[in-house]
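1. Show me the folded form of this:
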Amino acid sequence: MSNRFTLKAFGAAALLTAGFVLAGCKSAPELTQAQAQSLIQADYDHADAAPIDIMVNDLGMREGITAKYWNRTTFYPNKYWADFKLTDQGKKVVKLPGGGDVIQWRPSSLDDKNYTYHLLTVVANRKKAGGLGDVTDEMIAGADTAKGVQFTEHLDLTGVPDPLQEIAHNPGNQLTAKRHADFVLTNGAWSLKAVQ
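-> Residues are numbered from 1 along each chain as shown. Have a look, this model is predicted:
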């Protein structure tokens, strides 16, 4: 009789202990794609706005002349080097990374169609996050609970005039990039750990 009583007492104690353990273990709150995107975008919005680096190829140079952003001022004897001066209209939309107002166009040959020149937009914008994939569980050093998501980072061309947007869409420019974001659960709330 005492063995049965002891067994029942131990069983009851085990069930009670298991109940306390389970009650203390709360499942992590869900991290939805919308929440993940909001956290990524909040991080981008917190960063300083920056000009967009636009690589201008041969086609872009001709489009810039048509848009009256620059005019050719010097044509060199080798027939493939030239200098282009920014117009007043051009100075409102682009700036040269090194300062000044003269684009020194220096391809390696007459047939060099891969040569590009970097310009910066006058308008400064922030990046945008979109196209999120599935939110997945991850292991991150120092974090008990972590998630990750693949997404597409977009350069925001808001405020950039249409002719310059067309130049930005020419080959050589990267307006989108695939990124990965890591999130950690801290004090019951999800936070963005890093964007890679």
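2. Nearest residue to residue 161 in space, please, no chain neighbours.
-> Spatial nearest neighbour of residue 161, chain neighbours left out: residue 93 (5.6 Å); criterion: CB to CB, 6 or more residues apart in numbering. Yep, even glycine has a C-beta here, placed from its N, CA and C like the rest.
3. Would you check that that neighbour makes contact with residue 120?
-> No. Using CB atoms under 8 Å, residue 93 makes no contact with residue 120, being 10.1 Å away.
4. Mind checking which of those two has more residues around it?
-> More neighbours surround residue 93 than the other of residue 93 and residue 120, with 21 against 15 (other CB atoms under 10 Å).
5. Show me what the residue most central in space within the chain is bridged to.
-> The chain has residue 153 as the residue nearest its centroid, 3.6 Å off, counting by CA atoms, centre = their mean. Counting by DSSP bridges, residue 153 is bridged to residue 129, residue 177.
6. Show me what secondary structure element comes after the worst-scoring helix or strand of the chain on mean pLDDT.
-> Every helix and strand of the chain was ranked by mean pLDDT, DSSP states H and E. The lowest is helix 2-24, at a mean of 45. Downstream of helix 2-24, the next assigned helix or strand under DSSP states H and E is helix 33-46.
7. For that following helix, the averaged confidence score.
-> Helix 33-46 shows a mean pLDDT of 98.
8. Can you list the helices and strands that that helix packs against?
-> Counting contacts by 3 or more CB pairs under 8 Å, 6 or more residues apart in numbering; DSSP states H and E, helix 33-46 packs against strand 128-130, strand 146-154, strand 176-186, strand 189-195.
9. And the residue nearest to residue 161, what's its pLDDT?
-> pLDDT, read off for residue 93, is 98.
10. how about it, what does it touch?
-> With contact set as CB atoms under 8 Å, 6 or more residues apart in numbering, residue 93 has these partners: 69, 121, 122, 123, 160, 161, 164.
11. Derive a ChimeraX selection command for the buried subset of the residues you listed.
-> Those of these that count as buried under 16 or more other CB atoms under 10 Å are selected in ChimeraX with:
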select :69,121,122,123,160,161,164
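12. With secondary structure added, can I get the contacts of residue 93 in TSV?
-> Conversion of the contacts of residue 93 to TSV gives the following (DSSP: H, G, I helix; E, B strand; the rest coil):
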residue	secondary structure
69	coil
121	strand
122	strand
123	strand
160	coil
161	coil
164	helix
